[in-house]
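Chemist: turn this into a model:
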Amino acid sequence: MKIREMMTVSVATLDPDDTVEKAARVMRDANVGFAPVVSNGMVLGVLTDRDIVLRAAARGYHMRLAKVLDILTPGAVHCSEDDEVQDAAKLMAENGVRRIVVVKADNTLAGVLSLADLAAHSGETAKVVEEILRDAAPSEAESSLRGAGVSETGEAPPERAGPLGARVRGELSSIETYKLALRKVGGEAAGDELRRIEREHEEAVDLLLARLRMRGEAAPTGTGLRGRWSQAFEAAAAVLGRKAAIRALKQEEAHGLHGYEKALQDETLDPEVKELIRARLLPRAREHIPALDRLLAGR
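Modeler: Just a heads-up that it's a prediction; the model follows:
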């Protein structure tokens, strides 16, 4: 049986720019403790009610000011709506989760598959998964992040960078993710195209860092939450294979595209920086997703 035949299609979703207060209200009204975070149809990550408690309330974030993007779990354990039920069950068991995101062929959100959905259509399969999850028994702190293949470290969130520094951070995260993907498919024909896109991200870092120096701003250290996603990606790609690696790159590119579009609306950015984004960086970012689609289609 295909996953599309049993998944839940009507799903409460969040926008990365939603406030944490709005996210809590949406989840309360929908009576759910889990919601995909979506931008332009692409899943950037997931948010759970426990994330709100552990990452927002416990760290003193102002619920009306903090954004979903600040506390979401980057990435998500996901599968295709055309995958078999056994594939979904394997993912749940291997990642210690009771729900997974389901995506369409173009990597946009299709729905969510929960253990309850699985039990309703395939009771014996669900029973096996439940036994594995019970044996794993992750701690409450860990389980808020297991949905994306990451574990809670307890560390404070990285210092918030300005809009230009945030773009540098995003490009560095993209480079990390491409390097990890190339470990999976670097020896294939797709490797040349991935290396080309990686070089464009490296050029973007050089251009943005030059602008930072002109503004007298320090370069950001680390890659923030997106860097955690790129680290988690390696384990996910090892389990899910070549197509999952390229789909993960598409999620990374969608996140970067959203960041550039948001930067163009930022009144604190210089006109010269906005022109650089508008003329060079944004067109490249928009071209990367169709290029990855062609790789997924085998062209």
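Chemist: in the chain, which helix or strand is least confident?
Modeler: Lowest mean confidence among the helices and strands of the chain (mean pLDDT, DSSP states H and E): helix 140-146, at a mean of 34.
Chemist: tell me the helix or strand right after that helix.
Modeler: helix 163-185 (DSSP states H and E).
Chemist: could you say what helices and strands that next one packs with?
Modeler: Secondary-structure packing of helix 163-185 (3 or more CB pairs under 8 Å, 6 or more residues apart in numbering; DSSP states H and E): helix 190-214, helix 224-240, helix 242-263. Bear in mind the C-beta positions are built from the backbone N, C-alpha and C, glycine included.
Chemist: mind listing what's buried in that helix?
Modeler: Applying a neighbour-count criterion of 16 or more other CB atoms under 10 Å, one finds 163-178, 180-182, 184-185 buried in helix 163-185.
Chemist: between it and helix 242-263, how many degrees?
Modeler: If you take axes from the mean of the first three to the mean of the last three CA atoms, to 10 degrees, helix 163-185 sits at 170 degrees to helix 242-263.
Chemist: give me the neighbour count for Met265.
Modeler: Actually, residue 265 is Gln rather than Met. For Gln265, the count of nearby residues is 9 (other CB atoms under 10 Å).
Chemist: so which strand or helix has it?
Modeler: Per DSSP H and E: Gln265 is located in neither a helix nor a strand.
Chemist: now do it against Ala254, distance only.
Modeler: As for Gln265, its distance to Ala254 is 17 Å (criterion: CB to CB, to the nearest Å).
Chemist: repeat for Asp82
Modeler: For Asp82, the distance to Ala254 - CB to CB - is 20 Å.
Chemist: just want to know which of the two has more residues nearby.
Modeler: Taking neighbours as other CB under 10 Å, Asp82 and Ala254 compare with Ala254 leading, 22 against 13.
Chemist: distance of the residue lying closest to that one once chain neighbours are set aside relative to Met1?
Modeler: Distances taken as CB to CB, 6 or more residues apart in numbering place Met42 nearest to Ala254, at 3.5 Å, with adjacent residues excluded. Distance from Met42 to Met1, counting by CB to CB: 27 Å.
Chemist: mind checking which of the two has more residues around it?
Modeler: Taking neighbours as other CB under 10 Å, Met42 and Met1 compare with Met42 leading, 22 against 12.
Chemist: so for that one, what's the pLDDT?
Modeler: At Met42, the model reports a pLDDT of 84.
Chemist: so it touches Glu252, yeah?
Modeler: No - between Met42 and Glu252 there is no contact under CB atoms under 8 Å: 9.8 Å.
Chemist: just to revisit the earlier point, for the residue nearest to Ala254, give its distance to Thr48.
Modeler: Computed as CB to CB, the Met42 to Thr48 distance reads 19 Å.
Chemist: next: Met1.
Modeler: According to CB to CB, Met1 stands 27 Å off from Thr48.
Chemist: low-confidence stretches in the stretch 101-250 of the chain?
Modeler: Within the stretch 101-250 of the chain, the segments meeting pLDDT under 70 span 121-161, 184, 186, 218-244, 248.
Chemist: go again with 50.
Modeler: Scanning the stretch 101-250 of the chain for pLDDT under 50 picks out the ranges 132-133, 135-160, 222-240.
Chemist: just the CA atoms of stretch 86-95, as CSV, please.
Modeler: Extracted as CSV, the C-alpha positions of stretch 86-95 are listed here (Å, rounded to 0.1, in the frame of the first residue of the first chain):
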residue,chain,number,x,y,z
GLN,A,86,6.9,-0.5,5.0
ASP,A,87,9.3,2.3,4.1
ALA,A,88,7.4,4.7,6.4
ALA,A,89,7.4,2.1,9.2
LYS,A,90,11.1,1.6,8.8
LEU,A,91,11.7,5.4,9.0
MET,A,92,9.6,5.7,12.2
ALA,A,93,11.5,2.8,13.8
GLU,A,94,15.0,3.9,12.8
ASN,A,95,14.4,7.6,13.8
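Chemist: what residues sit buried inside it?
Modeler: For stretch 86-95, by 16+ other CB under 10 Å, it's 87-95.
Chemist: can you redo the residues you listed as CSV with pLDDT and secondary structure?
Modeler: Output for the buried residues of stretch 86-95, formatted as CSV (pLDDT from 0 to 100; DSSP: H, G, I helix; E, B strand; the rest coil):
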residue, pLDDT, secondary structure
Asp87, 78, helix
Ala88, 78, helix
Ala89, 79, helix
Lys90, 78, helix
Leu91, 78, helix
Met92, 78, helix
Ala93, 75, helix
Glu94, 71, helix
Asn95, 73, helix
